[in-house]
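[1] My questions are about this predicted structure, shown below with the sequence.
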Amino acid sequence: MENKLFIHNTLSRKKELFEPLNPPLVGMYVCGPTVYGDAHLGHTRPAITFDLIFRYLQHLGYKVRYVRNITDVGHLENDADEGEDKIAKKARLEQLEPMEVVQYFTDRYHANMDQLNTKHPSIEPRASGHIIEQIEMVKKILDAGYAYEKNGSVYFDIEKYSRSHRYGILSGRKIEDLLNYTRQLEGQDEKKSSFDFALWKKATPEHIMKWPSPWSIGYPGWHLECSAMGTKYLGEYFDIHGGGMDLLFPHHESEIAQSVAANGKEPVKYWIHNNMITINGQKMGKSLNNAVSLNELFSGQHDLLEKAYSPMTIRFFILQAHYRSTLDFSNEALQASEKGFGKLMSAMETLEKLKPAAQSTVNIEELEKNCYDAMNDDFNSPVLISHLFEGVRIINSVNDGKESLNEKDLILLKKIFNEFVFDILGLTFEGKSGRQDDLLASLIDSILEIRQEAKANNDYATSDKIRDELNKLKIRVKDTKDGAEWSMED
Ligand code: ZN
């Protein structure tokens, strides 16, 4: 099948035909979490969006190198150049080593991502493991004349850069507007201009995470890690860079400036940004007490939640909106997703039981084409899901005998559902282990019934053998006056 994939590029502000630089290889870099707290609803959108893109590109036959970093140093409070490091602050409050905080929340992040059934990235580099690469990049930017040192800190010189390049090329901001964006901050007098940003910061004596450099004992600026690690693992010019829209400015804008200054070229062909999640129409934020963590969502333990929502409900909820649209979280919306997901999965079970007929009364090839067209149109998952629901309608009609499918069409329909629901949307059956438990319980009950029959026929050899065999499997059998009870040893 001929697939022409169109991707909306934030840089050009339009949909472009996807033509990778070195097919079949595709390099994709996505900004990962700063690991100082549990993943919350806001983390799910980029994780699932870029998982969908990763899965679809792989489905089309590309070999994707997906790099998603872990920010474990240099991300200061309020995303600014002053203030405490987010991880160091958590470590100080909890009396832990910063790397203990990093390990603890990285493990929890991974567990949540597994629950959401997102595929692991190909490489997951940590900022603290790439201090040398970051220092080398600062040196290059200094050598090129786009940065200056002040009191052991190094700042990117936006004014100098703007004489020959456009800082604002990605976000569309103008330098004059930037002056309004930057706030007056303590210690800002080190910078020539308030919108310059730190490439390297000299550490104060109480600062915990610091390294030697040609300028001072200090730590890298937040924007630098992604430029350094992207270059290291994907090259100076690579295919896709993604992240949430909140990272567009100043983070990604500054990444472009750093790469242009250090390597003499823009780093990325296609920039992809997912939109944000709002809660009951409001922006998410700690001060608003509406930043719901994934663990709270899965357990239902938050004032805003009427009940617990399963990981696949959350995944389906996010996929039901196009990644570039806003998505409003509410209990009603999640309950609607839960229902929709249940309908889709029960149709998948029905599909397995359908029998072919001599003739087809519906066009399955058209359904397949519609599914591909949706994904090729900038990964339009809500439109894909609407076509899959047309498939659900067909499955249920065939099951009711109102429509029929010949063998070839039935095989194609199964292929469409397996590929689009499982491989591409990344949905899975939930409670599968629960069903296996149910199955196991009925199996043991049946075996014990046979044992009861044996006993009734005075066939004690068989009855004892069944009990002994079950004991070997650590299933204890206790005879009662009505038959037998069983329990499993831990
Ligand atoms: Zn980044």
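    Perfect, I can see it now.

[2] alpha carbons only for contacts and neighbour counts from here, please
    Fine.

[3] can you list contacts of stretch 209-224?
    With Cα atoms under 8 Å, 6 or more residues apart in numbering as the contact definition, stretch 209-224 has outside contacts at 73-76, 79, 81, 88, 98, 131, 134-135, 149, 152-154, 197-203, 251-252, 254-255, 258.

[4] again with stretch 479-488
    Counting by Cα under 8 Å, 6+ apart, 448, 452, 474-478 sit against stretch 479-488.

[5] quick one: low-confidence ranges for the stretch 351-490 of the chain?
    432-438, 490 (pLDDT under 70).

[6] can you give me the strands in it?
    With DSSP state E, counting those that start in this stretch as the criterion, the stretch 351-490 of the chain has strands at 475-480, 483-488.

[7] Tell me which of those lies nearest to the ion.
    Counting by Cα to the ion, the ion lies closest to strand 483-488 out of the strands of the stretch 351-490 of the chain; the figure is 49.3 Å.

[8] measure the residue lying closest to Y62 once chain neighbours are set aside to D239 for me?
    Nearest non-adjacent residue to Y62, counting by Cα to Cα, 6 or more residues apart in numbering: P24, 4.8 Å away. Using Cα to Cα, to the nearest Å, P24 is found at 12 Å from D239.

[9] So for the two, which sits in the more crowded spot?
    Higher neighbour count among P24 and D239: D239, with 21 against 13, using other Cα atoms under 10 Å.

[10] Then the more buried one would be within a strand, right?
    Yes - D239 sits within a strand when classified using DSSP: H, G, I helix; E, B strand; the rest coil.

[11] OK, contacts around it?
    Listed by Cα under 8 Å, 6+ apart, the contact set of D239 reads 20-21, 26-28, 268-270.

[12] If any of those residues are buried, put those into a PyMOL selection.
    In PyMOL, this line selects whichever of these come out buried by 16 or more other Cα atoms under 10 Å:
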select buried, resi 20+26+27+28+268+269+270
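
[13] Which among the contacts of stretch 479-488 count as buried?
    Among these, the ones that count as buried by 16+ other Cα under 10 Å are 448, 452, 475, 477.

[14] And the contacts of D239, which is closest to L354?
    If you rank the contacts of D239 by distance to L354 using Cα to Cα, V26 comes first, at 38.8 Å.

[15] Can you name the next helix or strand after whichever strand or helix holds K90?
    For K90, the enclosing helix or strand under DSSP states H and E is helix 86-94. The helix or strand immediately downstream of helix 86-94 is helix 98-115, counting by DSSP H and E.

[16] Please state the offset of the helix or strand following that next one from the chain centre?
    For helix 98-115, the following helix or strand on the C-terminal side (DSSP H and E) is helix 131-143. Between the centre of helix 131-143 and the centre of its chain there are 30 Å (Cα atoms, centre = their mean, to the nearest Å).

[17] what mean pLDDT would you report for helix 131-143?
    Per-residue pLDDT over helix 131-143 has a mean of 98.

[18] helices or strands next to that helix in the packing?
    strand 218-220, helix 222-234, helix 253-263 (3 or more Cα pairs under 8 Å, 6 or more residues apart in numbering; DSSP states H and E).

[19] Could you pull out the buried residues of that helix?
    So helix 131-143, judged by 16+ other Cα under 10 Å, has buried residues 131, 133-135, 137-142.

[20] Now for those residues: which two are most distant?
    I131 and L142 (16.5 Å).
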